[in-house]
Every structure is written in C-alpha cells, then in structure tokens.
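A.B. asks: structure for the following, please:
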Amino acid sequence: MARYKHIDSSPRFLAVDLRRQLLPGTFEYALNYLIDHELDLSGFDARYQNDTTGACAYPPAMLLKVVLFAYSQGIVSSRGIERACRDHITFIALSGDTMLHFTTIATFISNLGDEAARLFAQVLYLCDRQGLIGREMFAIDGVKLPSNASKQKSGTRADFSHQAAKLEAAARAMLERHREEDNKPVEVDLRQKEIQRITRLQEDAAQLRQWLAGHPEDRKGSRGTTHKSNRTDNESAKMATSKGVIQGYTGVAAVDARRQIIIDAHAHGSGSEQDALMPTVHAVAPQMKDTTLITADAGYHSEANLKALAELKVTALIPDNGMRQRDERFKDQGKYKQQPDLLYDRAHPNKASTLYQPSDFDYDPVKGTCVCPAGKRLYSNGNHCTTHGLTHHKFQGAKQDCVPCTQPDQCLRTPGKTPTRQVAFFQKHQASPLPYTERMKQAIDSPQGRLLFGQRLGTVEPVFGNLRHNKQLNRFTLRGQKKVDTQWKLYCLVHNIEKLARHGYGP
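C.D. replies: Predicted coordinates:
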C-alpha cells in the first residue's frame, strides 16, 4: 500500500513576514501605504491624554486600516472584525498581529465623528491629484437603508400615550383579577407567570411615560409637518422603498462621471429627497467648474429646488415625473413590465369604471354651466381652482336633486356615504405657473438633454451596486444621525480608495 507524507493543515507556529502579505496592486496594499504616508492623522492625538501617565493607546492608523479593510470585505460587526484579526492573515498583517477586543473597535468607529469627514476630504484630494475627477458631470442620488432601530417603536406622542394607557389598563385589570383570586387555590407557576406579566406591562408603560416626559413635542419636518418619532433612534425615519416600509436613513452620494469618484457623502434621517438636493449642491460647490452639470432623478425635482439652482447659476438636469411619458423612446415600455402573478397577486384588477365620467356631463365653458346625465343642473363650486398647477372649474350637485335621484349607483362611488356628486373640468393648453419646471422640461426633452441625462444612470448606480452588493452594506449598524453619517462616509471612503488602488496608486 502506498504511503504519503502527512500534511498538517493547521500548524501552530509559522515564520511569516507580515509585510509580504500585502501584495502590490491590491486594495489592502494601497490602504496601508495611503494611511502610513499620505493621510494626516494628527487630529486623533487630541483624544488621548496619556503623554506622561496612563496606558498606551492603540494607534489610530492601525485601527483605521483594520476597519476600512473589514468594510471592503463586507464585515461590519465589531465582533466579526475581532475574529478576522485573529484568524485572517491579511487582517493580522494590517494589525501587526494585535489581538483587538470588539469593544475597542466599536468605540473607535462610534467616536470618529468629524475625523471621518477630514479623512474623506484628504482621500478626495488624492483622487484629484491622480486625475480621477473630471468635473464634467456630478450625479446625485440616494439609497434608503434600514437602521439599528425598531420600526414597531415608531409613532407620534398621541400614539405612545395611547399605548401607555392600554398597557396600564391591562396591568390594572390583571391586578384586579389577581386580587379576586387570592383566596382561591392557584398553581404556584401560574401565579408567578401572572406576576411577571403584570411587572412587564408596568415597566413597558413606565418606559413610554418616561419617553413622553423627555420629549414634550412631536418631531417636526422641514415644512412644519409632524413626523413619527422612534423610541429606539429618534433621528431615523420611516421610509417607503420597493421592498416595503423601513425604519432607517438615506445615504446620499454625489458621484463624478469620469471615474465614479464619490465627491460628497452624507446620511440623513428623512425620506424626502427634495430636501437633500441643495445641501449636496452646496457641499460639492468647491469641486465644481462653471461648466459642471448636476444631474439627479425625479425624486429631487421641485420648483423651489430648480429656482435655487437657477439663482446659483448651476447647470442642472432634474426631470419631472412625466419625463418618460413624453419621451417617444419609452412609448412601448408597458409590454416589458413584469406581469402580476395570478397565484399570489391579491390586488384587485383594474376594472373599467362604470360610473359617469366628466365627458358624460354637459359642460358649457362659455356660460359656465354643467348639466348631469339625469338632466339636473349642478352649481359652480369654484371657477379658478388649481391642482398641481392645472386650473379647473368645479361643480357640485344639489342635495335636493341628488338624494331623490334614481341613478346613484351610476354616479356615486359610495351612495350610502356621499350624498352629492362633484365633477371638475380642467382647462386645456394653459400656461404653466411653474416657469422653472417648464424650462427644465424643455432642457430635458431636447436631444442634447436626453443624451446627457442618460449618462446619470451609468454614473451613480454602479456605485450603489458596489456598496450594497460587493461590500454587503444592507443596513446601518449604528444609531443617531451623526454616527450613521460617519459609517456612510467610511463606506464611501472605501469605494474611493478602491478606485485609487485600481489605477495604480502606491509607491
């Protein structure tokens, strides 16, 4: 029988040169050289007061290498980074075979604060020095990601007060029942479970009351509207996505079209994209030239934003929601849409309306009169009403005519609740009261505008694909807008360093 040498796949001691584990041309090699020779980390020195007394601290350069390389590998948890520093040879080389505790890593990331923005700016300067920023076009977009917060703990102060009252009422009811049964024989285990349940209800109600006392007002939006608060992370927000409603933050990025370098990155706890446009434009202003084009999708479109861009003399292409409907290239897009699954789609199918439409009413725009199909005259309810910039003439039927009418099922959607019919006639070929929107429509619909705006998708979406798929950024693990913003900047920093590595950055 043949004999073979024994291969030990788990040797305990190896003579390894850690520096040779970082191969030129790789991300970790560029990261190591960048932090050691290019970045100014003197801002971290002010954190420590151990010049003469106290224990030595871990070098920020080493911690930064480990964290950024972990993010590049899709490792986001501090415990996962600790395991990697113990088992992965590249992490061992970057950390100098230092056994880091996960609390050290978590504290370092949470307390980065403004240092993350300074590091981002320094790497951006190096990208510019390498000629990776073209400044022809900046594409702005955002991605909504869940945060480390419970969606079930969202609501207004009225919601929380109602929840607390229900918990207190349930606890009182259980206490009353418990007192009534004091003289009756009850199993010890059941009695203990009831006491635990009552205690838990009282503690939950006390937490709600304590939160209400610490937050005397509802959370207000930028336009004065009331937003739902969250008792886990009050700076996060509920956001509607294609996968449903999430509790999280929006990571916004402005990307240069030449090499897909991220020019600016910030995270905010609001589902409104319109409010994020102008802060991003102001942030990228130092990087812009007079000919730089700003592009964004329809979510950032508003008359106020277009007016602000015009006042700043910024060239921009931001379409409205009707851009594709006006583009003849998309006239057949309906046949490419995925058909609903008949087995699982429980939505009601679109049925043709059987109710009377405005075209069934006899409307005289000159006399300003309207007669319903039953021959009754409707009275005018407003001659110059405006909805979404469109002027229309409203009419409403009188109760004395609509209540005894014999055709309510053909005229009213809910005859039992709605006593009278309303109908509106929109004016055609009217001038738009939104001048900046009209100018943008003309710019977008021109052949040059369509050509330039078509480059936006290939500029910004691959960046989000890299961060979400390759780097596995599927949620934020920190709480609070400032800490989430730091984590978002670190991931965008990893993306920019990858661009430097792929273009031969290093000694």
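A.B. asks: tell me the secondary structure for Thr52?
C.D. replies: Put simply, Thr52 is coil when judged by DSSP: H, G, I helix; E, B strand; the rest coil.
A.B. asks: can you point out the buried residues in the longest strand anywhere in the chain?
C.D. replies: Longest strand in the chain, counting residues (DSSP state E): strand 244-256. Of the residues in strand 244-256, those buried by neighbour count under the rule 16 or more other C-beta atoms under 10 Å are Ile246, Gln247, Gly248, Tyr249, Thr250, Gly251, Val252, Ala253, Ala254, Val255, Asp256. Every C-beta, even on glycine, is put in place using the N, C-alpha and C of the backbone.
A.B. asks: how many neighbours does the closest residue to the last one other than its chain neighbours have?
C.D. replies: Which is Asp256. Closest residue to Asp256 apart from its sequence neighbours, by C-beta to C-beta, 6 or more residues apart in numbering: Ile133 at 5.0 Å. Per other C-beta atoms under 10 Å, the neighbour tally for Ile133 reads 19.
A.B. asks: tell me if I'm right that Glu303 and Tyr436 touch.
C.D. replies: Yes - between Glu303 and Tyr436 there is a contact under C-beta atoms under 8 Å: 5.6 Å.
A.B. asks: may I have the strand or helix carrying Leu306 as CSV, with CA atoms only?
C.D. replies: If you go by DSSP states H and E, Leu306 is part of helix 303-311. The C-alpha trace of helix 303-311 is given here as CSV (Å, rounded to 0.1, in the frame of the first residue of the first chain):
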residue,chain,number,x,y,z
GLU,A,303,-40.0,74.2,-8.3
ALA,A,304,-38.1,75.5,-5.2
ASN,A,305,-35.0,73.4,-6.0
LEU,A,306,-35.0,74.5,-9.6
LYS,A,307,-35.3,78.1,-8.6
ALA,A,308,-32.5,77.8,-6.1
LEU,A,309,-30.2,76.2,-8.8
ALA,A,310,-31.1,79.0,-11.3
GLU,A,311,-30.2,81.6,-8.7
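A.B. asks: what's next to that helix, contact-wise?
C.D. replies: Gln274, Leu277, Met278, Val281, Ile294, Ala316, Ile318, Leu434, Tyr436, Thr437, Arg439, Met440 (C-beta atoms under 8 Å, 6 or more residues apart in numbering).
A.B. asks: looking at the residues you listed, which are in strands?
C.D. replies: Reading strands off the contacts of helix 303-311 with DSSP E, I get Ile294, Ala316.
A.B. asks: among the contacts of helix 303-311, which ones are buried?
C.D. replies: Gln274, Leu277, Met278, Val281, Ile294, Ala316, Ile318, Leu434, Tyr436, Thr437, Met440.
A.B. asks: which pLDDT value belongs to the third one?
C.D. replies: Spelled out, that is Met278. In this model, Met278 is scored at 94, pLDDT.
A.B. asks: so what's it closest to, chain neighbours aside?
C.D. replies: Using C-beta to C-beta, 6+ apart, the nearest residue to Met278 is Ala308, at 5.5 Å.
A.B. asks: if I look at that neighbour, how far off is Asp445?
C.D. replies: 22 Å (C-beta to C-beta, to the nearest Å).
A.B. asks: okay, now Ser270: neighbour count?
C.D. replies: Considering only other C-beta under 10 Å, Ser270 is surrounded by 18 other residues.
A.B. asks: helix or strand: which one has it?
C.D. replies: Using DSSP H and E, Ser270 sits in no helix or strand.
A.B. asks: surely it meets Lys238?
C.D. replies: No - using C-beta under 8 Å, Ser270 is not in contact with Lys238, being 10.2 Å away.
A.B. asks: need the CA coordinates for stretch 197-208. PDB is fine.
C.D. replies: Below are the C-alpha coordinates for stretch 197-208, written out as PDB (Å, rounded to 0.1, in the frame of the first residue of the first chain):
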ATOM      1  CA  ARG A 197     -46.700  39.600  33.100                       C
ATOM      2  CA  ILE A 198     -48.000  42.400  35.300                       C
ATOM      3  CA  THR A 199     -44.500  43.600  36.100                       C
ATOM      4  CA  ARG A 200     -43.600  43.600  32.400                       C
ATOM      5  CA  LEU A 201     -46.700  45.600  31.500                       C
ATOM      6  CA  GLN A 202     -46.000  48.200  34.200                       C
ATOM      7  CA  GLU A 203     -42.300  48.500  33.100                       C
ATOM      8  CA  ASP A 204     -43.300  49.000  29.400                       C
ATOM      9  CA  ALA A 205     -45.800  51.700  30.400                       C
ATOM     10  CA  ALA A 206     -43.300  53.400  32.600                       C
ATOM     11  CA  GLN A 207     -40.800  53.500  29.700                       C
ATOM     12  CA  LEU A 208     -43.400  55.100  27.500                       C
END
